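Undergrad: after the sequence you'll find the predicted model.
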Amino acid sequence: MEQYVVKGGTPLKGEVSIGGAKNAALGILAAAIMTDETVTIENVPNVRDTKVLLQAIEGIGAKVKRVYNNSVQINGGSICDINVDYEYIKKIRASYYLLGALLGKYKESQVALPGGCNIGSRPIDQHIKGFKALGAEVDISYGMIHTKADKLVGSHIYFDVVSVGATINLMMAACMAEGNTILENAAKEPHIVDVANFLNAMGANIKGAGTDVIRIKGVSRLHGCTYSIIPDQIEAGTFMFAAAATHGDVIVKDVIPKHLESISAKLIEMGCTVIEGDDCVRVIGTDELKCTNVKTLPYPGFPTDMQPQISVVLAMSEGSSIVTESIFENRFKYVDEISRMGANVKVEGNTAYIEGVSRFTGAQLSAPDLRAGAALVIAALAADGISQIEDIEYIQRGYEDFEGKIRGLGGIIEKVDSDREIQKFKLKIG
Ligand code: EPZ
């Protein structure tokens, strides 16, 4: 199996360009099937999750054409099946966005029930509650969710928890319902706004995305459009923390600095210098990183998808830090891995108590999930000596050319898939 081999200790320096937001792309690619006209979507990150979702979209009969590396054309006019095959949801949970998209367009959809995953049980009760509120019958049997409605009628839906997925799924289902829908306690992430803007570019009438009340006036049909996805807030944040961990100086380009404010604020608390440009953020590390406390929250709070990355850097910062994970119940699995590099972290429930240490040493590591895997790469780049990181397919789900971008900043990292290649790497770096 492919793995990363990393030699730590080199400060990352230079510029890195950030790709399109994976978590916006997954909602937008699903929503694109809601018209029978052609939709062109640009700045699509070329990562495993988007590839699998495009396969799922082709699997139900839509036409998908990859124009070039980060641009795709979708035409939902030839869809001949409302049932999304189990193999896709098994690979990525976000295939469940096709539930809302197909229900909105065809008033029926069927997708396999998503299981839990590495970071928590991740129920979808709020999605189901919303579909029922719009008048759909929802049947769960044989591991499938089947939704069907004679017609969808706008409703006033109050989410019991702030849910990115439920907000996106219900925006899609409601935008072609009859009448008005209000989504209360909606998620406010940048990718929610991006999906709403995309639907509006197709002719939907959605107002208030980015606030906790979204108002939707149903329309009878949607039309084609061309749309470019926003930059990935989490990929950007990952490189910002990699700069801090390696005491480097990195300009993270093609971003929206406002989306990164909570991340920049924490880096400044930790002693880094953060300089914002119009579409870039420069992070200058400091020799003595300082401890701080952080609690993950829905946007605009500190993102849960950045929790492993900040925790790893706090584990190499002077002093005691407390990290509270308030979104998912099992997002500290990387702690066992960094403990083998010398980290001193104790996890009790949803809180990690971190005592910073002055150095990490390289080790054999295994990525437990997407963001934890990225955090282990950050740890390896900062550690003394060589690390090997297995299960990197998790990382490839959400980071395009991760190792290439790191090498572009001077980091010493290779993707290998044999012991011989590992030996060659070790000989090459001496
Ligand atoms: C999205 O997951 C992201 N995935 C996650 O990113 C991200 O961590 C999460 O939002 C929070 O920001 C995609 O966008 C593809 P939620 P999602 O519904 O939509 C509970 C990554 O690394 N909940 O906002 O599944 C749930 O258990 C991934 O890119 C319910 O109880 O997250 C969780 O505790 C990891 N019932 C909380 O809400 C529901 O019906 C937030 O989940 C739905 C959610």
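TA: Here it is on my side, so go on. Numbers count the residues shown, from 1 in each chain.

Undergrad: distance check, the closest residue to the ligand within the chain against residue 37.
TA: The ligand sits closest to residue 165 of the chain, with a gap of 2.8 Å, by C-beta to the nearest ligand atom. C-beta here means a position set from N, CA and C on the backbone, and glycine is covered the same way. From residue 165 across to residue 37, the span is 26 Å (C-beta to C-beta, to the nearest Å).

Undergrad: more neighbours, the two?
TA: Counting neighbours by other C-beta atoms under 10 Å for residue 165 and for residue 37 shows that residue 165 has the greater number, 22 against 16.

Undergrad: the more buried one reaches residue 96, doesn't it?
TA: Yes - the pair residue 165 and residue 96 passes the contact test of C-beta atoms under 8 Å, sitting 7.0 Å apart.

Undergrad: shared neighbours, these two?
TA: Listed contacts common to residue 165 and residue 96 are 124, 127; contacts here mean C-beta atoms under 8 Å, 6 or more residues apart in numbering.

Undergrad: and residue 197, how many neighbours?
TA: Residue 197 has 18 neighbouring residues, counting by other C-beta under 10 Å.

Undergrad: give me the buried positions along the helix or strand containing it.
TA: When secondary structure is defined by DSSP states H and E, residue 197 falls within helix 190-201. Using 16 or more other C-beta atoms under 10 Å as the test for burial, helix 190-201 gives 190-201.

Undergrad: what of stretch 173-188?
TA: In stretch 173-188, counting by 16+ other C-beta under 10 Å, buried: 173-177, 181-183, 185-188.

Undergrad: put the alpha carbons of that stretch into CSV.
TA: Extracted in CSV, the C-alpha atoms of stretch 173-188 (Å, rounded to 0.1, in the frame of the first residue of the first chain):
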residue,chain,number,x,y,z
ALA,A,173,-34.9,19.5,-1.6
ALA,A,174,-36.7,22.8,-0.7
CYS,A,175,-35.5,24.9,-3.6
MET,A,176,-37.8,23.0,-6.0
ALA,A,177,-40.7,22.5,-3.4
GLU,A,178,-43.9,24.5,-3.8
GLY,A,179,-44.0,27.6,-1.6
ASN,A,180,-41.6,28.9,1.0
THR,A,181,-39.3,27.1,3.3
ILE,A,182,-37.4,28.5,6.3
LEU,A,183,-34.4,26.6,7.7
GLU,A,184,-33.7,27.6,11.3
ASN,A,185,-30.5,26.9,13.2
ALA,A,186,-28.9,26.3,9.8
ALA,A,187,-25.1,25.8,9.5
LYS,A,188,-23.2,28.9,8.4
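
Undergrad: state the mean pLDDT of it.
TA: Mean pLDDT, stretch 173-188: 98.

Undergrad: so who does residue 67 touch?
TA: 40, 73.

Undergrad: next: residue 187.
TA: Residue 187 sits next to 162-164, 166-168, 298-299 when contact means C-beta under 8 Å, 6+ apart.

Undergrad: which one of the residues you listed has the most neighbours?
TA: Of all the contacts of residue 187, the highest neighbour tally under other C-beta under 10 Å goes to residue 168, namely 33 neighbours.

Undergrad: setting aside sequence neighbours, what's the nearest residue to that residue?
TA: The spatially closest residue to residue 168, leaving aside those adjacent along the chain, is residue 27, at 4.3 Å (C-beta to C-beta, 6 or more residues apart in numbering).

Undergrad: how about the residues of the stretch 301-430 of the chain by the ligand?
TA: Contact residues, the stretch 301-430 of the chain versus the ligand (C-beta under 6 Å from any ligand atom): 304-305, 327-328, 370-371, 398.

Undergrad: let's have those residues in CSV, adding neighbour count and pLDDT.
TA: Shown next, in CSV, are those (neighbours: other C-beta atoms under 10 Å; pLDDT from 0 to 100):
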residue, neighbour count, pLDDT
304, 20, 98
305, 25, 98
327, 20, 97
328, 19, 95
370, 25, 96
371, 27, 97
398, 25, 96
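
Undergrad: list phi and psi for residue 304.
TA: When read as degrees, to the nearest 10, the backbone of residue 304 gives phi -60, psi -30.

Undergrad: the one 3 residues further on now?
TA: As for residue 307, its main-chain torsions (degrees, to the nearest 10) stand at phi -60, psi -50.

Undergrad: just residue 180 next, same as before
TA: The phi/psi pair for residue 180 (degrees, to the nearest 10) reads phi -100, psi 140.

Undergrad: identify the residues contacting it.
TA: So residue 180 contacts 154, 215-218 (C-beta under 8 Å, 6+ apart).

Undergrad: near the ligand, which residues of the stretch 51-200 of the chain are found?
TA: By C-beta under 6 Å from any ligand atom, the part of the stretch 51-200 of the chain that sits against the ligand consists of 94, 120, 122-127, 161, 163-166, 187.

Undergrad: closest one of the residues you listed to residue 336?
TA: residue 120 (17.1 Å; C-beta to C-beta).

Undergrad: any weak-confidence spans in the stretch 101-250 of the chain?
TA: Low-confidence segments of the stretch 101-250 of the chain, defined by pLDDT under 70: 115-117.

Undergrad: tell me where the stretch 201-350 of the chain has helices.
TA: 233-245, 261-269, 307-314, 334-339 (DSSP state H, counting those that start in this stretch).

Undergrad: the residue of the chain closest to the ligand sits in which helix or strand?
TA: Using DSSP H and E, residue 165 falls in helix 164-174.
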